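In: Sharing a sequence plus its predicted fold:
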Amino acid sequence: MLRGVLLDLDNTLVDQEAATADALRGWLPAIGVRFSPELLSLWDEIQERHMEAWRARTVTFGEQRRRRLREFLPLIGIGYAEEDLDEIFGGYLAAYESAWRAFPDVDAALAAIAAAGLSVAVLTNGSVEQQHHKLARTGLTGRVGPVFTVEDVGAAKPDPAAFLGACARWGLSPELVLSVGDRHDLDVLAARAAGLRAVHLDRRDEGPHDEPHRIRSLTELPLSSGL
Ligand SMILES: [Mg+2]
């Protein structure tokens, strides 16, 4: 029996990869740099590393942004003054936020979850301020139940404490909750380690293909199965 569905946010509800690519396509030419897939990969790699430091609570959210620029700008040949970093990041951020979109299957998935009589919540490794802003901009505020962030539960996925903290605040036992997300390591394996059920949302068919509970769209959620 299932009582609740715990959804990841980035690349599960909101197309973060497309938003990042769109943001760089707008922002890089504005600072005099031509967009390329290689620069997108570089930006992603730098972002992930510094977000990891933020999740480990060794830097503030604002500082991880500045550290990303201190690393990225010299690599693309852009000089900068330290005091201008926040304003420079603001240029990227404006482009990024205006590119946030919910995936087209989200509406139908939320309707199916409600029709099945299940509760819904979000567990995200992002920051509380940015993720609430993201849900508001994509029209999802109030439609996805409680939102649990790293700052709320004091732990980040894949730490099982993140899932246990979310379930405790939600008031549901882990075994009654289905975790759904795009990252097999963070949203599936880590959820199972915490005692939840889990399904991998593999939108791009990237695998692992031996995962028994794998879906390609949120419309395929196994809400009535004995998962
Ligand atoms: Mg995700």
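Out: Sure thing, it's come through.

In: Would you mind naming what in this structure lies close to the ion?
Out: Residues of the chain lying close to the ion (Cβ under 5 Å from the ion) are Asp8, Asp10, Asn11, Asp182. In this view, the C-beta of every residue, glycine as well, is placed from N, C-alpha and C.

In: Pick out whichever of these sits closest to Leu223.
Out: Nearest to Leu223 among the residues of the chain next to the ion is Asp8, at 16.6 Å by Cβ to Cβ.

In: Pretty sure the closest one sits against Gln131.
Out: No: using Cβ atoms under 8 Å, Asp8 is not in contact with Gln131, being 10.8 Å away.

In: hey, what's in contact with both of these two?
Out: Shared contacts of Asp8 and Gln131 (Cβ atoms under 8 Å, 6 or more residues apart in numbering): Val122, Thr124.

In: before we move on, back to that, check the residues of the chain next to the ion against Gly195 and report the nearest one.
Out: Nearest to Gly195 among the residues of the chain next to the ion, counting by Cβ to Cβ, is Asp8 at 17.4 Å.

In: Tell me, how many residues neighbour the closest residue to the closest one other than its chain neighbours?
Out: Once flanking residues are discounted, Asp8 sits nearest to Gly181: 3.1 Å by Cβ to Cβ, 6 or more residues apart in numbering. Per other Cβ atoms under 10 Å, the neighbour tally for Gly181 reads 27.

In: need the contact list for Gly181.
Out: The contact partners of Gly181, by Cβ under 8 Å, 6+ apart, come to Leu7, Asp8, Thr12, Asp187, Val188, Ala191, His200, Leu201.

In: Give me the phi and psi for it.
Out: Main-chain torsions, Gly181, degrees, to the nearest 10: phi -170, psi 170.

In: If it is in a bridge, with which residues?
Out: Beta-bridge pairing for Gly181 (DSSP bridges): His200.

In: can you map out the helices along this protein?
Out: According to DSSP state H, the chain carries its helices in the segments 16-30, 37-55, 61-75, 85-98, 106-115, 128-137, 150-153, 160-170, 190-193.

In: As JSON lines, those helices with mean neighbour count would be great.
Out: JSON lines is the format used below for those (neighbours: other Cβ atoms under 10 Å):
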{"stretch": "helix 16-30", "mean neighbour count": "17"}
{"stretch": "helix 37-55", "mean neighbour count": "15"}
{"stretch": "helix 61-75", "mean neighbour count": "16"}
{"stretch": "helix 85-98", "mean neighbour count": "16"}
{"stretch": "helix 106-115", "mean neighbour count": "17"}
{"stretch": "helix 128-137", "mean neighbour count": "17"}
{"stretch": "helix 150-153", "mean neighbour count": "19"}
{"stretch": "helix 160-170", "mean neighbour count": "20"}
{"stretch": "helix 190-193", "mean neighbour count": "20"}
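
In: And those helices: which comes nearest Leu223?
Out: helix 106-115 (6.2 Å).

In: any idea how far that closest one is from the chain center?
Out: The chain centre lies 19 Å from the centre of helix 106-115; the measure is Cα atoms, centre = their mean, to the nearest Å.

In: Now do that helix: which elements does it pack against?
Out: Using 3 or more Cβ pairs under 8 Å, 6 or more residues apart in numbering; DSSP states H and E, the elements in contact with helix 106-115 are strand 119-123.

In: Return the strand it packs on as CSV; C-alpha atoms alone will do.
Out: Taking C-alpha atoms only, strand 119-123 is exported to CSV below (Å, rounded to 0.1, in the frame of the first residue of the first chain):
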residue,chain,number,x,y,z
SER,A,119,-0.4,12.7,-1.1
VAL,A,120,2.4,14.4,-2.9
ALA,A,121,5.5,16.3,-1.7
VAL,A,122,8.8,17.4,-3.1
LEU,A,123,12.3,16.6,-1.8
